[in-house]
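Q: Turn this into a structure:
(one chain, ligands or ions: 2)
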Amino acid sequence: MYIASVPQAAFLAFLWLQSLESTWATPARTQGFLAIPLTKTYNLPSSQLDEPNALFANGGELAGTIQSPTADAIHSLGLDIEGDDYGYVASMLIGTPPRPFRLLVDSGSSYLWVGGEGCVMGDGSGDCSNHTLIGPQSSSTFKDTGAPFFVKYGSGPVAGHIVSDHVNFAGIDVKDLTFAVALKESRHYGLKSTLYDGILGLARLLPGQSSFPPLIDTLYEQGFIKDPIVSYKIPRRADHLDDGEVAIGAMNPAKYKAATVITLPNIGTQRFWEVSLQRVVVNGLRMTWGTRSAVLDSGSTFILGPRKDIAKVHTAIPGAQYQNGTWAVPCHTDVIISFTFGDRTFPIPARDLPFKPVDKNDPDGLCLSRIGELQGSTDSRWIVGDVFLKNIYFSTHLGKNEISIAELA
Ligand SMILES: *[C@@H]1O[C@H](CO)[C@@H](O)[C@H](O)[C@H]1NC(C)=O
Ligand SMILES: *[C@@H]1O[C@H](CO)[C@@H](O)[C@H](O)[C@H]1NC(C)=O
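A: Residues are numbered from 1 along each chain as shown. Ligands and ions are numbered 1, 2, ... in the order given. From the prediction side, this is the model:
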């Protein structure tokens with residue numbers, strides 16, 4: 001959701017859906033589950049970076065290629081890691097002949113789209129040809145419905161058409177999957193340094209919000225998966241394990257401790273996967289504030305929260321400083337921050353908190369904090385991104401509108 005949450009203007013990026021209306025059938029059922037490896041990309045306000053594209057340029061090496069499904073029963077989509085855990089990218093084959101497209105895996109938005117042939121950048125600075133594009137010239141099975149598609153993320157809008165084509169991933173082969181192509185996209189998406197060709201949104205869409213169903217609904221309806229479940233093992237580059245995965249249709253028992261699973265109602269009233277945030281503890285100090293909720297957002301590198309909350313958290317971190325509207329923490333901090341959901345507490349190890357050094361010549365000094373202000377937010381909602389998510393296993397259930405969280409295996 002850097003997409004959704006780390007725009008130029010503010011950290012939070014909401015996705016505005018425009019003039020989309022729809023009805024789609026209730027899913028049927030299937031067997032087995034699908035897992036898709038993840039790779040992700042990040043975008044930060046350039047004010048926080050020495051060079052605007054440093055994250056992309058330096059973080060461009062991807063951890064691996066898509067993993068083939070380990071078994072028919074497990075639909076596993078492998079995740080590539082972008083940079084220093086900025087984002088996670090999965091690959092899907094689209095079209096005839098099939099060609100690989102790289103997709104940012106985003107539990108905080110709801111559409112699957114890739115660039116379309118003829119796509120141009122909205123600011124007139126060029127076309128989208130530094131990315132893999134789909135259309136009638138490259139795919140004999142591509143169909144353009146002509147229906148308009150528009151979505152606005154924090155980092156800018158994307159406009160195009162609703163289309164269909166063959167899509168193959170994680171051992172699933174869907175004929176004529178409905179998705180969208182971008183024909184005009186914000187500059188960010190067209191840049192060569194943006195290491196994905198589109199976005200795989202895995203949040204919900206409520207009936208009436210869209211003229212086409214989300215991927216998971218289609219997979220469920222057409223019997224590719226037994227349950228409309230998406231489960232995430234967000235990897236950490238420093239672990240060197242190449243173990244990131246999105247499992248589709250089930251939770252992957254190899255990835256979490258079964259005895260630790262808690263299941264919580266989704267309190268998100270819109271597309272988000274959102275749970276009640278019981279408690280935040282920093283260095284043993286319990287943060288006190290009113291009712292808080294947490295959106296679980298794989299598309300956000302950082303954790304973002306209301307300004308006052310974020311100040312409280314950092315005030316409890318020895319050596320933390322507020323500079324230029326941004327919190328920084330000692331690069332070698334030993335602070336442990338924990339989040340409690342349901343009655344279970346999940347810590348974030350100290351090593352996960354510091355981001356880039358404030359002064360790159362002083363890597364032992366202050367580093368930008370991976371917990372930041374959700375600008376413009378006055379509400380009680382936190383966006384909990386990969387800083388936290390790589391420390392848990394989590395799973396969303398579209399049918400039951402529930403979220404399960406567990407300790408990693
Ligand atoms: C593709 O990327 C290269 C390198 O950044 C750039 O020089 C070129 O202009 C880009 N092409 C388009 C069409 O934007
Ligand atoms: C804040 O701005 C000053 C002056 O530009 C700079 O030296 C310092 O590194 C900045 N701090 C952060 C945390 O960005």
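Q: So what's the residue count around residue 356?
A: A count of nearby residues for residue 356, using other CB atoms under 10 Å, gives 20. C-beta coordinates here come from the backbone N, C-alpha and C atoms, glycine included.
Q: now swap in the one 10 residues further on and tell me
A: Applying other CB under 10 Å, we find 20 other residues in the vicinity of residue 366.
Q: Check residue 106 too.
A: The burial metric for residue 106, expressed as a neighbour count using other CB under 10 Å, is 30.
Q: What's the per-residue pLDDT of the nearest residue to it once chain neighbours are set aside here?
A: Sequence neighbours aside, residue 299 is the residue nearest to residue 106 in space, at 3.4 Å (criterion: CB to CB, 6 or more residues apart in numbering). Among the per-residue scores, residue 299 holds a pLDDT of 89.
Q: And residue 51, by the same measure?
A: 25.
Q: that older thread, my read: the residue nearest to residue 106 touches residue 110, true?
A: No: look at residue 299 against residue 110 with CB atoms under 8 Å: they stay out of range, at 11.1 Å.
Q: ok, and the closest non-adjacent residue to residue 355?
A: For residue 355, the nearest residue in space outside its immediate sequence neighbours is residue 368; the separation is 4.1 Å by CB to CB, 6+ apart.
Q: check contacts around the one you found.
A: Contacts were defined as CB atoms under 8 Å, 6 or more residues apart in numbering; by that measure residue 368 touches 48, 326-328, 354-358.
Q: again with residue 125
A: Contacts for residue 125 were tallied using CB under 8 Å, 6+ apart; they are 187, 190.
Q: and it, what element?
A: Here residue 125 sits in a region with no helix or strand, counting by DSSP states H and E.
Q: And residue 96, how far from ligand 2?
A: Counting by CB to the nearest ligand atom, to the nearest Å, the gap between residue 96 and ligand 2 amounts to 49 Å.
Q: likewise residue 191?
A: In this structure, residue 191 and ligand 2 are separated by 23 Å, where distance is defined by CB to the nearest ligand atom.
Q: Residue 131 is in contact with that residue, correct?
A: No: the pair residue 191 / residue 131 is not scored as a contact, 9.0 Å apart, by CB under 8 Å.
Q: More neighbours: which of those two?
A: Each of residue 191 and residue 131 had its neighbours counted (other CB under 10 Å), and the higher figure belongs to residue 131 (22 against 18).
Q: how would you label that one: helix, strand or coil?
A: Using DSSP: H, G, I helix; E, B strand; the rest coil as the criterion, the local structure at residue 131 reads coil.
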